[in-house]
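**Student:** Next comes the sequence, and after it the predicted model I'd like to discuss.
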2 protein chains.
Amino acid sequence: MHTLDTGFLTIDTSARKPIYEQLAEGLRALIARGELREGVALPPVRQLAGDLGVNLNTVAMAYRLLQSEGLISVKHGSGAVVSSRTTTAEQSEEEMRKPLRSVLTQLVLSGLPKSEILRLVSEELRFLTKGAK
Amino acid sequence: MHTLDTGFLTIDTSARKPIYEQLAEGLRALIARGELREGVALPPVRQLAGDLGVNLNTVAMAYRLLQSEGLISVKHGSGAVVSSRTTTAEQSEEEMRKPLRSVLTQLVLSGLPKSEILRLVSEELRFLTKGAK
DNA sequence: GTAAAGTGTATGTGATTGTCATACAATCGT
DNA sequence: ACGATTGTATGACAATCACATACACTTTAC
């Protein structure tokens, strides 16, 4: 498994999912958990790219994606800053359910009992909302 | 939103996710819920492809993917049959957690309260394990 | 104030991937 | 056996991803 890591972020270059997507996902998690709070500056694209060993444009793409979700504010010449802890673009309930259903289906098919799945979910949720203000 | 539909399966051609992946996902869900039970034959690739308006190879790719997960058995000349209700390849706990965390993160960032998320999860889980034997 | 350093952005290239059209091969029914 | 029905393999084309490089905006130092 080809993985790149900075301590805060881990990406798997052999995964089907694009690097810039994995990066956005990792940053999203950090923002959700409050490890990157509103107003905090994200590392410059070159620095993060260098740390991970990927191209700076790949990082830039992740930043633009997060910006389009309303989570960060990117400004040419200055940098990127966490701007919010909630996404702006609101999605329909069905759009939220579909990925959830997909993940739960996988867990069910893997043979995990319902109770164990619920335990996993609760644990992850607790972790995610730990740093809530 | 460009969507193709057969009543049982719905795919979104404008989505980032490949069609064959969406197809596999939909079929996985049908198997998990027990709407496609062990021994039942899947539609021929040409039929499903025709119904959806996609290429037969796209459907064939989905079938091969499901076969590699141990859910169905595909045989040249005969067809594809549901072979199991649990995936064979077992994944580490971390491999199962990662997609779950990603989905939950999205839900949290969308502003949904923890209680509401748990309700969603329970509801989907109940639906998924409804047709359990 | 202006230059240099530091920041994100735009452009173009090669490799990979997704979807398709078409031809091939295995199995089943009669 | 033969034809019909099924999955499979091959090759073409477009879209996407990650990269190298050059560009443009902001801040800092002096």
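**Tutor:** Cool, the structure landed.
**Student:** okay, CA-based contacts and neighbour counts for the rest of this
**Tutor:** OK.
**Student:** Ramachandran angles for A:Ala80?
**Tutor:** Backbone dihedrals for A:Ala80, given as degrees, to the nearest 10, come out at phi -120, psi 140.
**Student:** Give me the neighbour count for the spatially closest residue to it that is not a sequence neighbour.
**Tutor:** Of all residues not flanking A:Ala80 in the chain, A:Val74 sits nearest, at 4.2 Å (CA to CA, 6 or more residues apart in numbering or on different chains). Here the neighbour count serves as a burial measure; for A:Val74 (other CA atoms under 10 Å in any protein chain shown) it reads 20.
**Student:** Report the secondary structure state of A:Val74.
**Tutor:** Using DSSP: H, G, I helix; E, B strand; the rest coil, the three-state assignment for A:Val74 comes out as strand.
**Student:** Can you check what pLDDT the model gives it?
**Tutor:** Reading off the confidence values, A:Val74 has pLDDT 97.
**Student:** likewise A:Gln91?
**Tutor:** You'll see A:Gln91 listed with a pLDDT of 80.
**Student:** cool, and the one 4 residues further on?
**Tutor:** Per-residue confidence for A:Glu95 comes out at a pLDDT of 85.
**Student:** what comes into contact with the helix or strand hosting it?
**Tutor:** Using DSSP states H and E, A:Glu95 sits in helix A:93-109. The set of residues external to helix A:93-109 that reach it, using CA atoms under 8 Å, 6 or more residues apart in numbering or on different chains, is A:114, A:117, B:25, B:28-29, B:32, B:85-87, B:96, B:99-100, B:103-104, B:107, B:120-121, B:124-125, B:128-129.
**Student:** which bits of chain A sit near DNA strand D?
**Tutor:** Taking CA under 7 Å from any atom of the strand as the measure of proximity, chain A contacts DNA strand D at A:13, A:17-21, A:53-58, A:76-78.
**Student:** 10 Å instead?
**Tutor:** Contact residues (CA under 10 Å from any atom of the strand) of chain A with DNA strand D: A:11-23, A:46, A:49-50, A:52-62, A:75-79.
**Student:** buried subset of the residues you listed?
**Tutor:** In terms of neighbour count (16 or more other CA atoms under 10 Å in any protein chain shown), the buried residues within these are A:11-12, A:19-23, A:46, A:49, A:52, A:54, A:56, A:58-62.
**Student:** quick one on the thing from earlier: name the residues of the helix holding A:Glu95 that are buried.
**Tutor:** Burial within helix A:93-109, assessed by neighbour count using 16+ other CA under 10 Å, is assigned to A:96-97, A:99-109.
**Student:** hmm, which two among those are most spread apart?
**Tutor:** Taking CA to CA, the two most distant members of the buried residues of helix A:93-109 are A:Met96 and A:Leu109; they sit 20.6 Å apart.
**Student:** Find the residue at the geometric middle of chain A.
**Tutor:** Nearest to the mean C-alpha position of chain A, by CA atoms, centre = their mean, lies A:Glu25 at 2.0 Å.
**Student:** Helix, strand or coil: sort out it for me.
**Tutor:** Classification of A:Glu25 into helix, strand or coil gives helix, according to three-state DSSP.
**Student:** Relative to chain B, how far out is it?
**Tutor:** Counting by CA to the nearest CA, to the nearest Å, the gap between A:Glu25 and chain B amounts to 7 Å.
**Student:** residues in contact with that residue?
**Tutor:** Applying CA under 8 Å, 6+ apart, we find A:Glu25 in contact with B:Ser102.
**Student:** Please enumerate the strands of chain A.
**Tutor:** For chain A, the strands defined by DSSP state E occupy A:3-5, A:10-12, A:72-75, A:79-82.
**Student:** how deep is A:Tyr63 tucked in, by neighbour count?
**Tutor:** Residues within reach of A:Tyr63, counting by other CA under 10 Å, total 26.
**Student:** Quick check, it in contact with A:Val74.
**Tutor:** Yes: in this structure A:Tyr63 lies within contact range of A:Val74 using CA atoms under 8 Å: 7.2 Å.
**Student:** In chain A, mark out all the helices, start to finish.
**Tutor:** A:19-32, A:45-52, A:56-68, A:93-109, A:114-128 (DSSP state H).
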